[in-house]
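**Q** here's a sequence, model it:
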Amino acid sequence: MVGRGGTAARYLGNGYIVYVSGGTLFAVAFDAVHRETRGAPVAILNDVAYSATQGFAQISFSESGTAVYRRSSNLLSIEWLDSSGKTEPLVSAPARYVRPRLSPDGLRLAFGIAEASGLSSWIFDIRKGTLTRLPPGDGSLSQPMWTPDGRFLLFGGPRQISWLPGDGAGEPKPLFEGPVRQIPLSMTPNGRTLVYLRFGAVTGPDLWTVPVETTKDGLRAGMPEAFQATPAFESQARFSPDGQWIAYNSTVSGSWEIYVQRFPPDGHPVQVSVGSGRIPMWSATKQELFYATERQRIMKVSYAIRDGAFVPSPPVAWTETRFADTGVVPALDLDPDGKRFAALMPADPPGLQQSPNHATVLLNFFDEVERRVGAHK
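**A** Next up, the predicted model:
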(Lines give C-alpha, C1' and ligand atoms only; values in the text may rest on other atoms or scores of the structure.)
Protein backbone atom coordinates (compact mmCIF):
# COMPACT_ATOMS: atom_id res chain seq x y z
CA MET A 1 0.00 0.00 0.00
CA VAL A 2 1.33 3.45 -0.97
CA GLY A 3 -1.03 5.66 1.03
CA ARG A 4 -4.35 5.23 2.85
CA GLY A 5 -7.33 7.14 1.47
CA GLY A 6 -5.55 8.11 -1.76
CA THR A 7 -6.87 8.33 -5.29
CA ALA A 8 -5.71 9.30 -8.81
CA ALA A 9 -2.24 7.78 -8.40
CA ARG A 10 0.40 8.49 -11.07
CA TYR A 11 3.99 7.32 -11.51
CA LEU A 12 6.25 10.19 -12.48
CA GLY A 13 9.20 9.52 -14.73
CA ASN A 14 11.69 10.80 -12.15
CA GLY A 15 11.07 7.94 -9.71
CA TYR A 16 8.13 9.15 -7.61
CA ILE A 17 4.47 8.19 -7.19
CA VAL A 18 1.97 10.97 -6.59
CA TYR A 19 -1.64 10.66 -5.43
CA VAL A 20 -4.42 12.87 -4.07
CA SER A 21 -5.95 12.49 -0.63
CA GLY A 22 -8.50 14.96 0.72
CA GLY A 23 -7.50 17.52 -1.90
CA THR A 24 -3.78 17.34 -1.11
CA LEU A 25 -1.23 15.93 -3.56
CA PHE A 26 1.25 13.59 -1.89
CA ALA A 27 4.48 12.18 -3.33
CA VAL A 28 6.58 9.21 -2.28
CA ALA A 29 9.81 7.81 -3.70
CA PHE A 30 9.29 4.55 -5.61
CA ASP A 31 11.82 1.89 -6.58
CA ALA A 32 10.49 0.62 -9.92
CA VAL A 33 12.94 -2.32 -9.97
CA HIS A 34 11.92 -3.75 -6.59
CA ARG A 35 8.39 -2.30 -6.82
CA GLU A 36 8.39 -0.76 -3.39
CA THR A 37 8.20 2.71 -1.88
CA ARG A 38 11.10 4.39 -0.12
CA GLY A 39 10.27 6.54 2.87
CA ALA A 40 6.97 8.17 3.82
CA PRO A 41 4.62 10.18 1.58
CA VAL A 42 5.13 13.95 1.71
CA ALA A 43 2.48 16.61 1.07
CA ILE A 44 3.45 18.58 -2.03
CA LEU A 45 0.43 20.59 -3.15
CA ASN A 46 -2.78 21.64 -1.41
CA ASP A 47 -6.25 22.36 -2.72
CA VAL A 48 -6.28 20.11 -5.81
CA ALA A 49 -9.75 19.62 -7.29
CA TYR A 50 -10.80 15.97 -7.15
CA SER A 51 -13.86 13.74 -7.00
CA ALA A 52 -14.24 11.85 -3.76
CA THR A 53 -16.98 9.83 -5.50
CA GLN A 54 -15.36 8.81 -8.79
CA GLY A 55 -11.70 9.01 -7.80
CA PHE A 56 -10.32 11.34 -10.47
CA ALA A 57 -8.26 14.46 -9.78
CA GLN A 58 -7.96 17.52 -12.00
CA ILE A 59 -4.18 17.49 -12.35
CA SER A 60 -1.88 16.33 -15.13
CA PHE A 61 1.87 16.13 -15.77
CA SER A 62 4.03 16.45 -18.87
CA GLU A 63 7.07 14.28 -19.52
CA SER A 64 9.28 17.35 -19.14
CA GLY A 65 8.12 17.92 -15.57
CA THR A 66 5.38 20.56 -15.92
CA ALA A 67 2.20 20.19 -13.87
CA VAL A 68 -1.19 21.77 -14.58
CA TYR A 69 -4.07 21.55 -12.13
CA ARG A 70 -7.35 23.08 -11.08
CA ARG A 71 -7.95 24.24 -7.56
CA SER A 72 -10.89 22.79 -5.68
CA SER A 73 -13.97 24.81 -4.89
CA ASN A 74 -12.45 25.28 -1.44
CA LEU A 75 -14.81 25.28 1.53
CA LEU A 76 -18.56 25.30 0.97
CA SER A 77 -21.69 26.14 2.90
CA ILE A 78 -25.18 24.69 2.42
CA GLU A 79 -27.83 27.35 1.84
CA TRP A 80 -31.42 27.72 0.74
CA LEU A 81 -31.60 29.27 -2.74
CA ASP A 82 -34.83 30.63 -4.27
CA SER A 83 -35.75 31.84 -7.75
CA SER A 84 -35.07 35.48 -6.87
CA GLY A 85 -31.46 34.55 -6.14
CA LYS A 86 -31.88 35.08 -2.40
CA THR A 87 -29.89 32.74 -0.17
CA GLU A 88 -30.44 31.79 3.46
CA PRO A 89 -28.02 29.79 5.64
CA LEU A 90 -28.95 26.15 6.15
CA VAL A 91 -25.70 24.48 7.23
CA SER A 92 -23.37 27.44 7.37
CA ALA A 93 -20.26 25.92 9.00
CA PRO A 94 -17.69 25.73 6.14
CA ALA A 95 -16.69 22.23 5.01
CA ARG A 96 -16.14 20.19 1.83
CA TYR A 97 -19.77 19.13 1.52
CA VAL A 98 -20.88 16.53 -1.03
CA ARG A 99 -24.28 15.72 -2.56
CA PRO A 100 -27.01 17.20 -0.30
CA ARG A 101 -30.26 15.19 -0.32
CA LEU A 102 -33.44 16.39 1.38
CA SER A 103 -35.77 13.92 3.07
CA PRO A 104 -39.21 13.43 1.45
CA ASP A 105 -40.83 15.67 4.09
CA GLY A 106 -38.13 18.33 3.69
CA LEU A 107 -37.28 18.31 7.40
CA ARG A 108 -33.90 16.55 7.25
CA LEU A 109 -30.87 16.86 5.04
CA ALA A 110 -28.39 14.05 4.33
CA PHE A 111 -24.98 14.83 2.86
CA GLY A 112 -21.35 13.82 2.80
CA ILE A 113 -18.19 15.63 3.87
CA ALA A 114 -14.93 14.96 2.05
CA GLU A 115 -12.20 14.36 4.61
CA ALA A 116 -8.62 13.14 4.37
CA SER A 117 -9.76 9.62 5.30
CA GLY A 118 -12.60 9.61 2.74
CA LEU A 119 -16.26 10.59 2.74
CA SER A 120 -18.20 10.79 6.00
CA SER A 121 -22.03 10.86 6.01
CA TRP A 122 -24.28 13.12 8.07
CA ILE A 123 -27.92 14.04 8.79
CA PHE A 124 -28.91 17.60 9.61
CA ASP A 125 -32.24 18.06 11.42
CA ILE A 126 -33.50 21.33 9.93
CA ARG A 127 -36.02 22.10 12.71
CA LYS A 128 -33.68 21.30 15.60
CA GLY A 129 -30.47 22.49 13.94
CA THR A 130 -28.62 19.35 15.03
CA LEU A 131 -26.04 17.23 13.18
CA THR A 132 -25.73 13.44 13.42
CA ARG A 133 -22.77 11.53 12.00
CA LEU A 134 -23.76 8.25 10.40
CA PRO A 135 -21.82 4.99 10.63
CA PRO A 136 -19.47 3.67 9.51
CA GLY A 137 -16.77 6.21 10.18
CA ASP A 138 -14.20 4.68 7.83
CA GLY A 139 -15.67 6.24 4.68
CA SER A 140 -16.44 2.87 3.06
CA LEU A 141 -20.10 3.87 2.63
CA SER A 142 -21.09 7.30 1.38
CA GLN A 143 -23.57 9.55 -0.42
CA PRO A 144 -26.76 8.74 1.50
CA MET A 145 -30.20 9.07 -0.11
CA TRP A 146 -33.67 8.62 1.39
CA THR A 147 -36.30 6.08 0.50
CA PRO A 148 -39.60 7.76 -0.58
CA ASP A 149 -41.23 7.12 2.82
CA GLY A 150 -38.21 8.49 4.71
CA ARG A 151 -37.89 5.28 6.76
CA PHE A 152 -34.49 4.28 5.39
CA LEU A 153 -31.26 5.69 4.04
CA LEU A 154 -29.32 4.02 1.22
CA PHE A 155 -25.54 4.32 0.84
CA GLY A 156 -23.10 3.71 -1.97
CA GLY A 157 -20.02 1.58 -1.46
CA PRO A 158 -17.04 -0.02 -3.21
CA ARG A 159 -18.94 -3.23 -3.99
CA GLN A 160 -22.39 -2.87 -2.48
CA ILE A 161 -25.34 -0.65 -1.68
CA SER A 162 -26.33 -0.66 1.97
CA TRP A 163 -29.25 0.61 4.03
CA LEU A 164 -29.75 2.09 7.46
CA PRO A 165 -32.87 3.21 9.40
CA GLY A 166 -33.76 6.82 8.62
CA ASP A 167 -32.92 7.97 12.15
CA GLY A 168 -29.33 6.82 11.65
CA ALA A 169 -29.50 4.21 14.42
CA GLY A 170 -27.72 0.85 14.21
CA GLU A 171 -25.20 -0.40 11.69
CA PRO A 172 -25.62 -0.41 7.89
CA LYS A 173 -26.80 -3.66 6.30
CA PRO A 174 -26.13 -4.71 2.70
CA LEU A 175 -29.00 -4.34 0.25
CA PHE A 176 -27.12 -6.13 -2.52
CA GLU A 177 -23.55 -6.64 -3.63
CA GLY A 178 -21.86 -6.24 -7.00
CA PRO A 179 -18.46 -6.44 -8.65
CA VAL A 180 -17.84 -2.66 -8.80
CA ARG A 181 -18.60 0.60 -6.99
CA GLN A 182 -22.31 1.48 -6.88
CA ILE A 183 -24.18 4.62 -5.80
CA PRO A 184 -27.97 4.84 -5.16
CA LEU A 185 -29.66 7.68 -7.06
CA SER A 186 -33.46 7.54 -6.90
CA MET A 187 -36.50 5.32 -6.21
CA THR A 188 -39.99 5.09 -7.65
CA PRO A 189 -42.59 6.79 -5.41
CA ASN A 190 -43.78 3.40 -4.13
CA GLY A 191 -40.21 2.50 -3.15
CA ARG A 192 -40.25 -0.71 -5.20
CA THR A 193 -37.52 0.13 -7.75
CA LEU A 194 -34.12 1.73 -7.26
CA VAL A 195 -32.05 3.28 -10.04
CA TYR A 196 -28.35 3.41 -9.23
CA LEU A 197 -24.98 4.28 -10.71
CA ARG A 198 -22.68 1.38 -11.50
CA PHE A 199 -19.10 1.87 -12.62
CA GLY A 200 -18.44 -0.64 -15.40
CA ALA A 201 -14.90 -1.73 -16.26
CA VAL A 202 -15.55 -1.30 -20.01
CA THR A 203 -18.42 1.17 -20.38
CA GLY A 204 -17.66 3.44 -17.39
CA PRO A 205 -20.55 4.84 -15.31
CA ASP A 206 -23.86 3.21 -16.27
CA LEU A 207 -27.41 3.25 -14.93
CA TRP A 208 -28.99 0.10 -13.53
CA THR A 209 -32.25 -0.63 -11.75
CA VAL A 210 -33.13 -3.20 -9.11
CA PRO A 211 -36.47 -4.15 -7.48
CA VAL A 212 -36.63 -3.48 -3.74
CA GLU A 213 -38.98 -5.03 -1.20
CA THR A 214 -39.69 -3.74 2.32
CA THR A 215 -39.87 -6.57 4.86
CA LYS A 216 -40.21 -6.76 8.64
CA ASP A 217 -36.42 -6.95 8.79
CA GLY A 218 -35.76 -3.94 6.54
CA LEU A 219 -35.04 -3.88 2.81
CA ARG A 220 -34.39 -6.69 0.36
CA ALA A 221 -33.30 -6.42 -3.29
CA GLY A 222 -34.13 -8.53 -6.31
CA MET A 223 -32.21 -9.05 -9.55
CA PRO A 224 -30.54 -5.93 -11.06
CA GLU A 225 -30.80 -5.12 -14.75
CA ALA A 226 -29.30 -2.44 -16.97
CA PHE A 227 -31.29 0.71 -17.77
CA GLN A 228 -28.59 2.59 -19.73
CA ALA A 229 -25.24 0.82 -20.16
CA THR A 230 -23.50 2.26 -23.22
CA PRO A 231 -20.00 3.40 -24.22
CA ALA A 232 -21.16 6.93 -23.26
CA PHE A 233 -21.19 8.01 -19.62
CA GLU A 234 -24.56 8.01 -17.85
CA SER A 235 -25.19 9.42 -14.40
CA GLN A 236 -27.51 11.13 -11.91
CA ALA A 237 -30.85 9.52 -12.74
CA ARG A 238 -34.10 10.58 -11.06
CA PHE A 239 -37.55 8.96 -11.25
CA SER A 240 -40.48 11.22 -12.12
CA PRO A 241 -43.18 11.78 -9.46
CA ASP A 242 -45.40 9.16 -11.11
CA GLY A 243 -42.53 6.68 -11.50
CA GLN A 244 -43.08 6.30 -15.27
CA TRP A 245 -40.07 8.30 -16.48
CA ILE A 246 -36.39 8.61 -15.63
CA ALA A 247 -34.40 11.80 -16.20
CA TYR A 248 -30.63 11.37 -16.39
CA ASN A 249 -27.50 12.94 -17.83
CA SER A 250 -25.41 11.33 -20.55
CA THR A 251 -22.42 12.12 -22.79
CA VAL A 252 -23.89 10.31 -25.81
CA SER A 253 -23.85 13.60 -27.78
CA GLY A 254 -20.21 14.29 -26.83
CA SER A 255 -21.04 16.52 -23.85
CA TRP A 256 -23.21 16.17 -20.76
CA GLU A 257 -26.90 16.66 -21.58
CA ILE A 258 -30.18 15.79 -19.86
CA TYR A 259 -32.44 13.09 -21.31
CA VAL A 260 -35.80 11.67 -20.28
CA GLN A 261 -36.83 8.12 -21.10
CA ARG A 262 -39.81 6.00 -20.20
CA PHE A 263 -39.42 3.36 -17.50
CA PRO A 264 -39.12 0.50 -18.28
CA PRO A 265 -36.89 1.83 -21.09
CA ASP A 266 -38.30 1.97 -24.61
CA GLY A 267 -35.04 2.96 -26.34
CA HIS A 268 -36.32 6.43 -27.27
CA PRO A 269 -34.76 9.04 -24.97
CA VAL A 270 -35.80 12.67 -25.36
CA GLN A 271 -33.12 15.35 -24.97
CA VAL A 272 -34.28 18.07 -22.59
CA SER A 273 -31.25 20.33 -22.05
CA VAL A 274 -29.67 22.70 -24.55
CA GLY A 275 -25.95 23.51 -24.44
CA SER A 276 -25.09 21.27 -21.44
CA GLY A 277 -27.07 19.74 -18.64
CA ARG A 278 -26.31 17.94 -15.40
CA ILE A 279 -28.22 16.84 -12.32
CA PRO A 280 -31.94 16.59 -13.23
CA MET A 281 -34.56 17.13 -10.49
CA TRP A 282 -38.34 16.75 -10.83
CA SER A 283 -40.85 19.05 -9.17
CA ALA A 284 -43.37 17.15 -7.06
CA THR A 285 -45.96 19.94 -7.32
CA LYS A 286 -45.89 20.96 -11.02
CA GLN A 287 -45.01 19.45 -14.39
CA GLU A 288 -41.52 20.93 -14.24
CA LEU A 289 -38.06 19.45 -14.51
CA PHE A 290 -35.01 21.34 -13.24
CA TYR A 291 -31.39 20.75 -14.13
CA ALA A 292 -27.97 22.34 -13.61
CA THR A 293 -25.61 23.55 -16.32
CA GLU A 294 -21.82 23.32 -16.42
CA ARG A 295 -21.78 27.06 -15.61
CA GLN A 296 -23.59 26.36 -12.32
CA ARG A 297 -26.94 27.79 -13.33
CA ILE A 298 -30.35 26.24 -12.62
CA MET A 299 -32.64 25.77 -15.63
CA LYS A 300 -36.35 24.94 -15.63
CA VAL A 301 -38.23 22.90 -18.24
CA SER A 302 -42.02 22.67 -18.32
CA TYR A 303 -43.32 19.47 -19.89
CA ALA A 304 -46.45 17.65 -20.96
CA ILE A 305 -47.32 14.01 -21.68
CA ARG A 306 -49.08 13.78 -25.05
CA ASP A 307 -50.21 10.47 -26.54
CA GLY A 308 -47.82 8.69 -24.21
CA ALA A 309 -44.82 10.83 -25.27
CA PHE A 310 -42.72 13.16 -23.13
CA VAL A 311 -42.88 16.68 -24.63
CA PRO A 312 -40.56 19.28 -23.06
CA SER A 313 -40.71 23.04 -23.52
CA PRO A 314 -37.52 25.07 -24.16
CA PRO A 315 -35.41 25.51 -21.00
CA VAL A 316 -35.50 28.86 -19.18
CA ALA A 317 -33.22 30.14 -16.43
CA TRP A 318 -34.73 29.68 -12.98
CA THR A 319 -32.29 32.08 -11.31
CA GLU A 320 -29.14 33.92 -12.29
CA THR A 321 -27.44 33.05 -8.99
CA ARG A 322 -24.79 30.38 -9.40
CA PHE A 323 -23.98 27.64 -6.92
CA ALA A 324 -20.66 25.89 -6.24
CA ASP A 325 -18.86 24.00 -9.00
CA THR A 326 -18.80 20.29 -8.06
CA GLY A 327 -18.69 18.82 -11.57
CA VAL A 328 -21.21 16.05 -12.26
CA VAL A 329 -21.63 15.32 -8.54
CA PRO A 330 -24.88 17.00 -7.36
CA ALA A 331 -24.44 20.31 -5.56
CA LEU A 332 -28.13 20.91 -4.90
CA ASP A 333 -31.47 19.26 -4.22
CA LEU A 334 -35.01 20.52 -4.74
CA ASP A 335 -37.20 21.10 -1.69
CA PRO A 336 -40.43 19.05 -1.77
CA ASP A 337 -42.44 22.29 -2.10
CA GLY A 338 -40.68 22.97 -5.43
CA LYS A 339 -39.91 26.59 -4.50
CA ARG A 340 -36.27 26.45 -3.35
CA PHE A 341 -33.11 24.39 -3.42
CA ALA A 342 -30.70 23.22 -0.75
CA ALA A 343 -27.54 24.27 -2.58
CA LEU A 344 -23.80 24.10 -1.99
CA MET A 345 -22.43 27.63 -2.17
CA PRO A 346 -18.81 28.88 -2.07
CA ALA A 347 -17.88 29.87 1.47
CA ASP A 348 -14.95 32.01 0.26
CA PRO A 349 -15.39 35.77 -0.28
CA PRO A 350 -16.08 36.63 -3.96
CA GLY A 351 -12.54 37.93 -4.47
CA LEU A 352 -11.04 34.57 -3.52
CA GLN A 353 -13.40 32.34 -5.50
CA GLN A 354 -11.95 30.53 -8.50
CA SER A 355 -13.21 31.62 -11.90
CA PRO A 356 -14.68 28.91 -14.17
CA ASN A 357 -12.11 26.82 -16.08
CA HIS A 358 -9.17 28.52 -14.36
CA ALA A 359 -6.05 26.34 -14.32
CA THR A 360 -2.64 26.76 -12.68
CA VAL A 361 0.60 25.75 -14.43
CA LEU A 362 3.67 24.79 -12.39
CA LEU A 363 7.01 24.70 -14.22
CA ASN A 364 9.85 22.41 -13.08
CA PHE A 365 7.40 20.54 -10.87
CA PHE A 366 9.42 17.31 -10.91
CA ASP A 367 12.39 19.24 -9.48
CA GLU A 368 10.17 20.49 -6.66
CA VAL A 369 9.04 16.93 -5.88
CA GLU A 370 12.67 15.79 -5.79
CA ARG A 371 13.60 18.63 -3.45
CA ARG A 372 10.65 18.21 -1.09
CA VAL A 373 10.58 14.41 -0.88
CA GLY A 374 14.37 14.03 -0.97
CA ALA A 375 14.64 16.15 2.14
CA HIS A 376 12.51 13.60 4.02
CA LYS A 377 14.30 10.46 2.93
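**Q** can you name the helix or strand that the residue nearest in space to the middle of the chain falls in?
**A** Geometric centre of the chain, nearest residue: Val329, 2.8 Å, by Cα atoms, centre = their mean. Element membership of Val329, judged by DSSP states H and E, is empty: it is in no helix or strand.
**Q** could you check how far it is from Glu63?
**A** Between Val329 and Glu63 the distance is 31 Å, computed by Cβ to Cβ, to the nearest Å. All C-beta atoms are positioned from the backbone trio N, CA, C, and that covers glycine.
**Q** any low-confidence regions in the stretch 251-377 of the chain?
**A** Along the stretch 251-377 of the chain, the model assigns pLDDT under 70 to residues 348-357, 375-377.
**Q** quick one, helices of it?
**A** Here the stretch 251-377 of the chain has its helices, by DSSP state H, counting those that start in this stretch, at 365-374.
**Q** is Leu344 bridged to anything, and to what?
**A** Beta bridges link Leu344 to Ile78, judged by DSSP bridges.
**Q** contacts only, for it.
**A** By Cβ atoms under 8 Å, 6 or more residues apart in numbering, the contact list for Leu344 reads Leu76, Ser77, Ile78, Tyr97, Pro100, Phe323, Ala324, Thr326, Ala331, Leu332.
**Q** quick one: it from Ala292, how far?
**A** From Leu344 to Ala292 the distance is 11 Å (Cβ to Cβ).
**Q** Tyr19 now?
**A** In terms of Cβ to Cβ, Tyr19 sits 29 Å off from Ala292.
**Q** okay, those two: which has more neighbours?
**A** Neighbour count, other Cβ atoms under 10 Å: between Tyr19 and Ala292, Ala292 has more, with 30 against 19.
**Q** the spatially closest residue to the more buried one that is not a sequence neighbour: how many residues sit nearby?
**A** Excluding its sequence neighbours, the residue lying closest to Ala292 (Cβ to Cβ, 6 or more residues apart in numbering) is Ile279, at 4.4 Å. For Ile279, the neighbour count with other Cβ under 10 Å is 25.
**Q** same question for the one 3 residues further on.
**A** Other residues near Trp282 number 23, with proximity taken as other Cβ under 10 Å.
**Q** I figured Arg71 was touching Val48, is that so?
**A** Yes - using Cβ atoms under 8 Å, Arg71 is in contact with Val48, at 7.2 Å.
**Q** between the two, which is the more surrounded one?
**A** The neighbour comparison of Arg71 against Val48 (other Cβ under 10 Å) goes to Val48, with 22 against 16.
**Q** need the contact list for Arg10.
**A** Contacts here follow Cβ under 8 Å, 6+ apart; on that basis Arg10 touches Ile17, Val18, Tyr19, Phe61.
**Q** on the three-state scheme, Arg10 is what?
**A** strand (DSSP: H, G, I helix; E, B strand; the rest coil).
**Q** from Ser64, how far out is it?
**A** Arg10 is 15 Å from Ser64, by Cβ to Cβ.
**Q** point out where the stretch 51-200 of the chain drops to low pLDDT.
**A** 51-55, 72-74, 116-117, 137-139.
**Q** show me the strands in it, by range?
**A** Secondary structure of the stretch 51-200 of the chain by DSSP state E, counting those that start in this stretch: the strands cover 59-61, 67-69, 76-82, 87-95, 97-102, 108-115, 118-125, 130-134, 142-146, 152-156, 160-165, 173-177, 182-187, 193-200.
**Q** tell me which of those lies nearest to Lys339.
**A** Closest to Lys339 of the strands of the stretch 51-200 of the chain, according to Cβ to Cβ: strand 76-82, at 6.5 Å.
**Q** and the longest strand for this structure?
**A** For the chain, the longest strand by residue count, based on DSSP state E, is strand 204-215.
**Q** helices and strands around that strand, which ones?
**A** strand 182-187, strand 193-200, strand 218-221, strand 225-228, strand 234-239 (3 or more Cβ pairs under 8 Å, 6 or more residues apart in numbering; DSSP states H and E).
**Q** got the buried residues for that strand?
**A** Buried residues in strand 204-215, counted by 16 or more other Cβ atoms under 10 Å: Gly204, Pro205, Asp206, Leu207, Trp208, Thr209, Val210, Val212.
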